[in-house]
Structures are given as structure tokens and as C-alpha cells.
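Peer 1: sequence plus the predicted model coming up.
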Amino acid sequence: MDIKDVKKVTIAGCGTEGSQISSMVAYKGFETTVWLRSEGSIDRAKPRLESVRKQILGELDAWKADCGEYCRGLSDEKDLTDDQIDQLRAQAEERLSHIRLTTSAEEAFSDADVVIECINEDPAQKRAFYEKISGIMPEKTLLLTDSSTFLPSTFADATGRPDRYMTLHFANQIWRNNLTELMRHDRTSDESFELVERFSHAIGMVPLKLNKEQPGYILNTLLIPWFKAAMYLVASGVTDPATVDLCWELDTGARPDQTPFRKIDKVGLPLALKIISMEPGADDPATPAGKMVALLKGYVDAGKTGIAVGEGFYKYDENGNVLK
């Protein structure tokens with residue numbers, strides 16, 4: 001299969017990552033379906049997709065007002081006229097309104113060219129999902145995982161198509177931070193790897209190729225220690241999230257939305273909690289990891305799970321801007 005043959009893309013799951021990936025796939029003109037487990041999951045997915053839609057439209061409006069606000073993922077060309085940006089905005093409005101949500105595996109996977117799995121980071125759930133859809137997908141279908149923690153070799157046999165299975169890992173706010181990490185396992189075919197690279201370009205991403213499997217890939221190998229350091233400072237009572245973020249902003253010149261706790265809000269506190277819960281001593285409230293778990297759990301239990309719901313460590317308006 002060549003990239004010109006890729007028309008229909010299905011995303012399994014619609015959490016923080018799934019909602020962004022499906023929105024960008026649709027924005028770039030692919031016929032986009034999101035598969036969800038239940039009608040309740042569909043009800044939860046709709047506000048997430050609406051939040052992403054507003055963020056993308058807001059980025060286009062900001063770019064039109066200030067050329068310095070250009071987002072790499074939204075256009076290959078930086079120097080566009082106001083009319084051209086307006087055309088992109090109209091295109092976004094139209095395409096993002098046609099993302100299809102379904103609980104039917106047959107409807108979602110039976111004619112998909114590419115499937116991107118974004119379900120819970122639970123090995124049993126992933127394995128069961130792969131086994132469920134292996135007999136539904138056409139032979140041609142390329143199956144990709146956006147897993148943040150598992151290596152593709154872990155599930156290669158369960159997919160029934162190890163040669164057409166690998167990792168395509170995204171960042172957050174992928175219209176702006178438009179990277180993908182391409183990680184194959186030892187049975188991923190060269191043809192599949194090359195097609196994933198072309199597909200990444202087609203959805204506005206910059207593909208970063210890994211030469212071998214690496215837990216945490218490139219991004220999370222760098223990012224998770226940064227998150228942990230920031231959370232430790234707050235969980236141990238040294239300071240508060242806003243002060244940590246201000247320190248990072250002033251010292252590095254980072255934009256306010258590229259500071260530790262703003263980034264955790266974008267990633268989603270449940271995922272951060274899951275990652276920290278895997279640390280040694282996480283079940284002991286006296287350890288650094290246990291204190292970080294308690295910090296995150298307090299927010300998650302209160303429904304403050306991040307920017308997608310309007311509140312995490314910060315409160316946000318409907319366009320994802322921090323409320324002072």
C-alpha cells in the first residue's frame with residue numbers, strides 16, 4: 001500500500017491523545033472514524049473533540065493576528081495571507097465536523113487503511129483489543145500504537161500482523177508540537193516503516209525515527225524526569241505549581257504553556273498518575289513517589305484531570321487559556 005492509497009483512518013480511543021490525533025487526521029483531509037467502547041465513551045469523547053476543535057481554530061485566529069503564532073502542524077507554509085488562513089479555518093470547521101464516532105468494531109475497522117490505537121495503558125486491555133480486531137481488519141491495514149509506556153514487540157503476536165504493526169507516538173498539542181516518534185520492532189517490515197513515515201508527513205507531523213526499541217522513546221525519556229522533578233518540588237512542600245512554572249519560564253525563555261505543570265495539564269493528570277504509580281515506593285506515602293501519587297490523586301479524584309476538562313493544576317477557559 002502506498003500513501004496515495006490511504007483514505008480511511010480509524011483511531012481507537014478518544015482521550016487526550018486520541019482526540020488530538022483524530023482531529024489532526026481529519027484536518028488533513030482523511031476520512032476519520034473514532035472507535036469507542038460504549039455510548040458513555042461517546043458522550044465523554046464529544047466535549048474532548050470540541051475542546052480540540054476550539055484550540056485549533058484559536059491557533060488559526062492567533063496566527064492570522066500575529067504571524068509569530070504560526071503552528072507547524074496546521075500548514076507546511078509559514079507565510080500565508082489572511083485570506084489563505086481564513087480558507088484553512090473554513091476547511092477546519094468543515095472537516096472536524098465530520099469525524100465519525102462509533103461503538104461498532106465492524107464499522108470502524110473493516111475497511112480502515114490505517115488504525116491508530118490509543119486505548120488505556122493496560123497490557124491486558126491492549127492485547128484483548130488487538131485480538132478482537134485482528135480478524136476484522138483487511139490484510140492491507142497498517143496497525144499503529146500511540147502507547148506511551150509499552151514496546152511494540154510486547155504485542156506484536158497478538159495483532160496477527162507483526163509486519164504491519166509498530167509505534168507511532170505523538171506529543172501533545174500536536175498541531176504545534178508536531179512530532180511523531182517512529183519505533184519498529186524486529187518484525188516490522190521496511191515497507192510498513194516507510195509508509196508510516198509518509199503518513200506522518202501527510203498528517204502534518206515531523207517523523208523522528210528510532211533505530212531500536214527504547215522504553216519512553218526519545219520524548220518521554222527526556223520529559224518524565226522533568227515532570228517528576230517539578231511534581232516533587234510541590235508534593236514535598238517546597239513550593240507551588242505556579243512558582244515552579246514561573247521559574248522555568250524566566251530561566252529558559254520558554255512560553256508559559258511550555259512549563260512543567262502546564263504541560264502536565266495537557267498530557268492529562270490520570271496518565272501522569274499512572275506513570276508515577278509505577279515508580280518504586282509509589283504505594284508508600286512517606287516516599288517521594290508516594291507523595292507525588294498523593295498530589296496527583298487529589299486532583300484526579302476531584303475531577304481536575306487537565307486542560308481537556310477545563311481544570312487541572314490550572315483552570316482554563318473554553319479555548320484552553322489559563323484563567324487568572
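Peer 2: Now that the structure is in, tell me what you want to look at. Numbering: from 1, shown residues only.
Peer 1: show residues contacting the helix-or-strand element of the chain with minimal mean pLDDT.
Peer 2: Here the helix or strand of the chain ranked lowest by mean pLDDT, DSSP states H and E is helix 269-277, holding a mean of 92. For helix 269-277, contacts defined as Cβ atoms under 8 Å, 6 or more residues apart in numbering pick out 16, 121, 148-149, 224, 227-228, 231, 264, 282, 289, 292-293, 296-297, 299-300, 304-306, 312-313. C-beta coordinates here come from the backbone N, C-alpha and C atoms, glycine included.
Peer 1: mind checking which of those are buried?
Peer 2: For these, a burial check counting by 16 or more other Cβ atoms under 10 Å picks out 16, 121, 148-149, 224, 227-228, 231, 264, 282, 289, 292-293, 296, 299-300, 304-306, 312-313.
Peer 1: name the helices or strands packed onto the longest helix belonging to the chain?
Peer 2: In the chain, assigned by DSSP state H, the helix with the most residues is helix 39-65. Judged by 3 or more Cβ pairs under 8 Å, 6 or more residues apart in numbering; DSSP states H and E, the packing partners of helix 39-65 are helix 16-27, helix 82-96, strand 100-102.
Peer 1: repeat the analysis, applying 6 Å as the threshold.
Peer 2: Counting contacts by 3 or more Cβ pairs under 6 Å, 6 or more residues apart in numbering; DSSP states H and E, helix 39-65 packs against helix 16-27, helix 82-96.
Peer 1: buried deepest among those, which one?
Peer 2: Comparing the helices and strands packed on helix 39-65 by mean neighbour count (mean count of other Cβ atoms under 10 Å), helix 16-27 ranks first with a mean of 26.
Peer 1: check which element follows it along the chain.
Peer 2: Using DSSP states H and E, the next helix or strand after helix 16-27 towards the C-terminus is strand 31-35.
Peer 1: show residues contacting that next one.
Peer 2: 7-12, 14, 22, 25-26, 99-101, 108 (Cβ atoms under 6 Å, 6 or more residues apart in numbering).
Peer 1: ok, of the residues you listed, which come out buried?
Peer 2: Buried by 16+ other Cβ under 10 Å: 8-12, 14, 22, 25-26, 99, 101, 108, out of the contacts of strand 31-35.
Peer 1: out of the helices and strands packed on helix 39-65, nearest to residue 321?
Peer 2: With Cβ to Cβ as the measure, helix 16-27 is the member of the helices and strands packed on helix 39-65 nearest residue 321 (17.3 Å).
Peer 1: in this protein, which spans are strands?
Peer 2: Under the criterion DSSP state E, the chain contains strands at 8-12, 31-35, 100-102, 114-117, 142-145, 165-170, 179-183, 206-209.
Peer 1: what is the rounded mean pLDDT of the fourth one?
Peer 2: The predicted model assigns strand 114-117 a mean pLDDT of 98.
Peer 1: tell me how many other residues crowd residue 271.
Peer 2: Neighbours of residue 271 under the rule other Cβ atoms under 10 Å: 20.
Peer 1: please apply the same query to the one 5 residues further on.
Peer 2: By the other Cβ under 10 Å criterion, the neighbourhood of residue 276 contains 24 residues.
Peer 1: swap in residue 122?
Peer 2: 12.
Peer 1: and if you look at residue 107?
Peer 2: Residue 107: 15 neighbours (other Cβ under 10 Å).
Peer 1: is the nearest residue to it once chain neighbours are set aside in a bridge, and if so with what?
Peer 2: Counting by Cβ to Cβ, 6 or more residues apart in numbering, the nearest residue to residue 107 once its immediate chain neighbours are dropped is residue 33, at 7.4 Å. Taking DSSP bridges as the rule, residue 33 bridges to residue 10, residue 100.
Peer 1: can you list the weak-confidence ranges in the protein?
Peer 2: Across the chain, nothing is flagged by pLDDT under 70.
Peer 1: farthest residue from the center of it?
Peer 2: Computed with Cα atoms, centre = their mean, the residue of the chain farthest from its C-alpha average is residue 286, at 32.2 Å.
Peer 1: what residues of stretch 138-150 count as buried?
Peer 2: Burial within stretch 138-150, assessed by neighbour count using 16+ other Cβ under 10 Å, is assigned to 141-149.
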